[in-house]
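Prediction below, plus the sequence it came from.
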Amino acid sequence: MLPTNDTVSRRQFHQTAIATASAAVIGVASSQTVSIATAAPTTNLVRTNKVKFCLNTSTIHGEVVPIVEQVAIAKKAGYDAIEFWLRDINKYTSEGGTLPDLKKRIVDAGLTVESSIAFANWIVDDEEVRKKGLEQARKDMDTVTAIGGIRIAAPPAGATKKEDGAINLDQAGERYRALLEVGKAAGCIAQLEVWGFSKNLSKLSEVLYVAAAAQHPDACVLPDIYHLYKGGSSFHDLNLLSGRRIHVFHMNDYPDISKDKISDADRVYPGDGIAPVSKILSTVFDSGFDGVLSIELFNKTYWQQDPNLVAAKGLASMKLAVSQAK
């Protein structure tokens with residue numbers, strides 16, 4: 001697939017804009033950074049103001065960057081929210097940190113915890129493993145709510161490989177309902193996540209079916225631009241969703257690599273790849289979405305850079321994409 005002239009122009013404009021944000025982080029021309037979010041027409045400004053911008057900490061290599069620094073980086077870049085990984089929170093507490101102290105740091109930074117990433121085996125066929133998975137989910141949710149969080153991702157962990165087999169979607173709906181009930185008791189909503197590489201729930205169609213089959217008022221989905229592409233879903237199918245059933249949307253882009261060869265590490269800033277990011281946002285905005293846009297990248301080249309710069313570029317790229325949504 002060759003890039004079109006429009007794609008090249010969009011990419012060049014995007015790269016110029018996020019370069020301004022990079023300069024702002026190192027103390028240059030901070031007033032120009034504001035223009036990234038305010039250069040759009042008035043109708044788009046309303047949309048920009050409705051959504052929250054969130055940093056998924058994988059973007060800055062959260063596995064290496066201590067969680068206290070993750071909070072500071074998100075604050076400095078100007079995010080509204082942060083999306084932690086449970087492994088990082090658990091590492092923090094295992095080294096002597098406390099959840100009340102972490103919550104205070106988050107509040108003092110002016111951030112909210114809109115979502116968190118965990119991998120409880122709630123969907124698997126093995127009943128005993130699934131029971132332990134629900135217990136793990138409860139513990140994870142208790143951790144999330146202890147720092148002020150209200151949601152957790154629910155991917156098909158444990159059922160991703162070919163040898164795991166295909167899970168009946170009606171049964172998956174029942175299992176998702178059970179997970180939602182655990183979340184209801186904990187005060188934390190489980191978001192059904194698309195995983196494009198997975199044997200199960202790799203397509204948006206499967207996720208929509210399971211969410212409906214759960215027959216639960218808290219059922220919702222967690223889409224991801226990269227995963228929709230990887231799994232072969234059509235972005236047009238986002239029209240089938242009510243925006244109110246998307247609380248968090250994972251933002252990223254991908255280069256011109258085939259679905260069977262592309263990997264998480266190939267993700268790039270929104271606007272730096274070939275995904276129709278602004279059209280995707282237009283679709284979800286038209287459906288009533290006014291939730292959280294969370295940038296989630298695993299780019300090893302970015303991980304070698306200053307995480308403050310990466311965070312700033314990520315935020316600028318999302319704001320620019322929102323301003324270009326028609």
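Perfect, I can see it now.

Please report the distance of the closest residue to residue 282 other than its chain neighbours from residue 280.
Excluding the flanking residues, the one nearest residue 282 by Cβ to Cβ, 6 or more residues apart in numbering is residue 325, at 4.5 Å. C-betas here are computed from N, CA, C, even on glycine. Counting by Cβ to Cβ, to the nearest Å, the gap from residue 325 to residue 280 is 8 Å.

And the strands in the protein?
Per DSSP state E, the chain carries strands over the ranges 52-56, 81-85, 112-117, 151-154, 189-193, 221-222, 248-251, 292-295.

Which of those strands sits closest to residue 94?
The closest of the strands of the chain to residue 94 is strand 81-85. By Cβ to Cβ, the value is 14.1 Å.

Residues contacting that closest one, please?
For strand 81-85, contacts defined as Cβ atoms under 8 Å, 6 or more residues apart in numbering pick out 52-58, 62-63, 67, 70-71, 74, 106, 111-118, 147, 149, 248, 292, 294, 296.

let's go with 7 Å and repeat that
Taking contacts as Cβ atoms under 7 Å, 6 or more residues apart in numbering, the residues outside strand 81-85 that touch it are 52, 54-58, 62, 67, 70-71, 74, 106, 111-117, 292, 294.

Which among the residues you listed count as buried?
Neighbour-count burial (16 or more other Cβ atoms under 10 Å) is assigned, among the contacts of strand 81-85, to 52, 54-58, 62, 67, 70-71, 74, 106, 111-117, 292, 294.

Which pLDDT value belongs to residue 36?
With respect to pLDDT, residue 36 scores 30.

list the buried ones in stretch 254-263?
Residues of stretch 254-263 classed as buried by neighbour count (16+ other Cβ under 10 Å): 254, 262.

cool, and stretch 146-154?
Within stretch 146-154, the residues scored as buried using 16+ other Cβ under 10 Å are 147, 148, 149, 150, 151, 152, 153, 154.

Contacts only, for the last one.
By that I understand residue 154. Applying Cβ under 7 Å, 6+ apart to residue 154 gives the contacts 122, 179, 190, 191, 192, 193.

What count of nearby residues applies to the nearest residue to it once chain neighbours are set aside?
Spatial nearest neighbour of residue 154, chain neighbours left out: residue 190 (4.1 Å); criterion: Cβ to Cβ, 6+ apart. Applying other Cβ atoms under 10 Å, we find 30 residues neighbouring residue 190.

Quick check: bridge partners of residue 190?
Listed by DSSP bridges, the beta-bridge partners for residue 190 are residue 152.

Surely it is in contact with residue 152?
Yes - between residue 190 and residue 152 there is a contact under Cβ atoms under 7 Å: 5.8 Å.

separation between the spatially closest residue to residue 208 that is not a sequence neighbour and residue 111?
Nearest residue to residue 208 in three dimensions, chain neighbours excluded: residue 240, at 6.4 Å (Cβ to Cβ, 6+ apart). Distance, residue 240 to residue 111, using Cβ to Cβ: 32 Å.

Ok, residue 120 next?
25 Å.

and residue 117, what does it touch?
Going by Cβ under 7 Å, 6+ apart, residue 117 touches 83, 85, 86, 153.

shaky segments in the chain?
Across the chain, the ranges flagged by pLDDT under 70 are 1-49, 326.

okay, which residue is most central for it?
Geometric centre of the chain, nearest residue: residue 250, 2.9 Å, by Cα atoms, centre = their mean.

Need the nearest residue in space to that one, chain neighbours excluded.
Of all residues not flanking residue 250 in the chain, residue 224 sits nearest, at 3.7 Å (Cβ to Cβ, 6+ apart).

Tell me how many other residues crowd the one you found.
When neighbours are defined as other Cβ under 10 Å, residue 224 has 24 of them.

hang on, it packs against residue 251?
No - applying Cβ under 7 Å, one finds residue 224 not in contact with residue 251, separated by 8.3 Å.

what's the overlap in contacts for these two?
residue 296.

quick one: contacts for residue 229?
Going by Cβ under 7 Å, 6+ apart, the list of residues near residue 229 reads 196, 254, 259, 275.

residue contacts, the residue nearest to residue 250?
Residue 224 makes contact with 194, 250, 296, according to Cβ under 7 Å, 6+ apart.

Of the contacts of residue 117 - the most surrounded one?
Ranked by the number of neighbours (other Cβ under 10 Å), the contacts of residue 117 place residue 83 first, at 29 neighbours.

Please name the bridge partners of that one.
Assigned bridge partners for residue 83, using DSSP bridges, are residue 56, residue 115.

mind checking how far the residue nearest to residue 208 is from residue 258?
From residue 240 to residue 258 the distance is 26 Å (Cβ to Cβ).
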